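Trainee: Please work out how this folds:
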Amino acid sequence: MLAASLIPLALPAAAQADSFTPAQRQEIVQIMRQALKSDPSILADAITALRAKSEDDETASQQAALAAQRGKLDNTPGDAVIGNPHGSVTLYEFYDPRCPWCRRMVGDVEKLARTNPDLRIVLKLIAILGPASTLDGRAILAAANQNAYAAMQRALMTDSAEPSAARIRQIAIGLHLDADRLAADMDSPTVTAALDAQRALATSLRISGTPTFIEGSRIAPGAMSAEDLAKFIKG
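Mentor: Down below sits the predicted model:
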């Protein structure tokens, strides 16, 4: 009987499965099918549990990666700091200049820096949304050579025009930058290396979307309200 075959529950699952006859396995399948028909919530509960485990596993993997890469968070080419450079609280933002959610949060992040005098925000540009992201990213990183990272970032991320070299030149002139120098720096090996380094760090941290915020050992993927962002830095 099937009931008798289920007695040795202490056996490993694989061993138990191997001990069933074809007829017993078929009977188990029928019981499972009938149970699912009688109570479909069993399947929903199983899917929910599986998703929760998957999320827990991903969180654990990301936490391990963060611990391993902690030293690189403050030592990656292309970093920019706003707020108090010596603040005791550090917030890292991984962003893409063409990400619509990142663009919506530009003002909130700037306000957070202004209203929290002990906050240091490290901006980490990862151009992951295609050629337009890379073009804007190069302009922002190149502008840092003229002490205009934040100004170029805000100008590009609040601009409604299609990204182009001509548009970037217009913006550079409007910011009173050396547009020729900016264009040359955009194609420099230094800027290319910074883009590559930031993307590599994001990959190693299992960051696949923007914006993503990190404070201490906590990682918050996705956009959030100004209020929630303020709560996040306070733990």
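
Trainee: which stretches of the chain form strands?
Mentor: 80-83, 89-95, 119-125, 212-215, 218-221 (DSSP state E).

Trainee: Kindly state which of those strands is positioned closest to residue 202.
Mentor: With C-beta to C-beta as the measure, strand 89-95 is the member of the strands of the chain nearest residue 202 (5.6 Å). In this view, the C-beta of every residue, glycine as well, is placed from N, C-alpha and C.

Trainee: Give the pairing partners of that closest one; include direction for each.
Mentor: Partner strands for strand 89-95, per DSSP bridges, with pairing direction: strand 119-125 (parallel), strand 212-215 (antiparallel).

Trainee: Switch the ones you listed over to CSV; also include mean pLDDT.
Mentor: Supplementary listing: the strands paired with strand 89-95 in CSV, determined by pLDDT from 0 to 100:
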stretch, mean pLDDT
strand 119-125, 98
strand 212-215, 97
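
Trainee: Residue 61: which of those is closest?
Mentor: Set against residue 61 and scored by C-beta to C-beta, the strands paired with strand 89-95 come closest in strand 212-215, at 14.8 Å.

Trainee: Relative to the whole chain's centre, how far out is the longest helix along the chain?
Mentor: With residue count as the measure and DSSP state H as the assignment, the chain has helix 41-69 as its longest helix. Between the centre of helix 41-69 and the centre of its chain there are 16 Å (C-alpha atoms, centre = their mean, to the nearest Å).

Trainee: from now on call the first residue 53
Mentor: All set: I'll call the first residue 53, so the last point we hit is now helix 93-121.

Trainee: sorry, back to before: now tabulate the strands of the chain in CSV and tack on mean neighbour count.
Mentor: Putting the strands of the chain into CSV (neighbours: other C-beta atoms under 10 Å) gives the following:
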stretch, mean neighbour count
strand 132-135, 19
strand 141-147, 21
strand 171-177, 22
strand 264-267, 22
strand 270-273, 16
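
Trainee: Kindly reformat the ones you listed as a markdown table containing distance to residue 238.
Mentor: Conversion of the strands of the chain to a markdown table gives the following (distance: least, C-beta to C-beta, whole Å):
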| stretch | distance to residue 238 |
| --- | --- |
| strand 132-135 | 16 |
| strand 141-147 | 18 |
| strand 171-177 | 13 |
| strand 264-267 | 25 |
| strand 270-273 | 29 |
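
Trainee: Between these, which one is closest to residue 196.
Mentor: Short answer: strand 132-135, nearest of these by C-beta to C-beta, at 6.4 Å.

Trainee: In terms of secondary structure, what does the longest helix of the chain contact?
Mentor: helix 74-90, helix 241-256, strand 270-273 (3 or more C-beta pairs under 8 Å, 6 or more residues apart in numbering; DSSP states H and E).
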